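Q: Structure for the following, please:
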Amino acid sequence: MDWFIGSGASDAHVKSRLEKGGVRCLSLEGRVIGLSILDGATIDLMMIDPDHHRRGLGRLLLRDAEETLLARYAAIRLESFADNTVANSFYEACGWRHGDRLEGEGPTKVEYVKKARGD
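A: Alright, predicted model coming up:
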C-alpha cells in the first residue's frame with residue numbers, strides 16, 4: 001500500500017474519480033480524514049488518514065459504502081492488495097468473504113465479496 005500512496009498513483013486515482021463522481025468523504029473538524037470511492041457495485045478505494053486509524057472510522061466509512069451499494073446491488077465487491085494483511089483482516093472482521101486471487105500487472109490483489117442479507 002505504501003508504494004501506491006508514495007508513487008502518487010493514489011492521488012491521481014482520487015483526482016480522476018473526483019471528476020467522475022462517486023467519492024464519499026469523511027471529515028472531522030473541517031478536514032477530510034477518510035474517503036471511499038464507489039464504482040458500480042465496487043468499493044474502488046477506501047482510505048483513512050493514518051493519524052486516525054484504530055478509532056472506528058474505517059468501520060464507519062465501510063458501513064456507509066456497504067449500505068449505499070447494497071441498497072442497489074445484491075452483491076458488492078472490493079479489491080485489496082494480497083500482502084496488506086491489516087486491511088484484509090479488517091475486511092474479514094467486517095463480514096467480507098475472501099474471493100478470488102487477482103493476478104496481473106503490479107502487486108497481486110484479492111477480491112472480497114459481501115451479499116445483501118437473505119441472498
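Q: list the contacts for S27?
A: S27 is in contact with I33, counting by C-beta atoms under 8 Å, 6 or more residues apart in numbering. Bear in mind the C-beta positions are built from the backbone N, C-alpha and C, glycine included.
Q: That one falls within a helix, correct?
A: No. The assignment for S27, made by DSSP: H, G, I helix; E, B strand; the rest coil, is strand rather than a helix.
Q: Check it and give its pLDDT.
A: As predicted, S27 sits at a pLDDT of 89.
Q: what do you get for R24?
A: 87.
Q: Following element in sequence after the strand or helix carrying it, please.
A: Using DSSP states H and E, R24 sits within strand 23-28. Beyond strand 23-28 on the C-terminal side, the first helix or strand identified by DSSP H and E is strand 31-39.
Q: who does C25 bridge with?
A: On the basis of DSSP bridges, C25 is bridged to L35.
Q: just checking, it touches I37?
A: No. Here C25 does not reach I37: they are 10.2 Å apart, not a contact under C-beta atoms under 8 Å.
Q: ok, and for the strand holding R24, which residues are buried?
A: 23, 26 (16 or more other C-beta atoms under 10 Å).
Q: Also stretch 26-41?
A: Quick answer for stretch 26-41 (16+ other C-beta under 10 Å): 26, 33-38.
Q: between those residues, which is nearest T108?
A: Set against T108, the nearest of the buried residues of stretch 26-41 by C-beta to C-beta is I37 (20.8 Å).
Q: Show the model's pLDDT score for the closest one.
A: 91.
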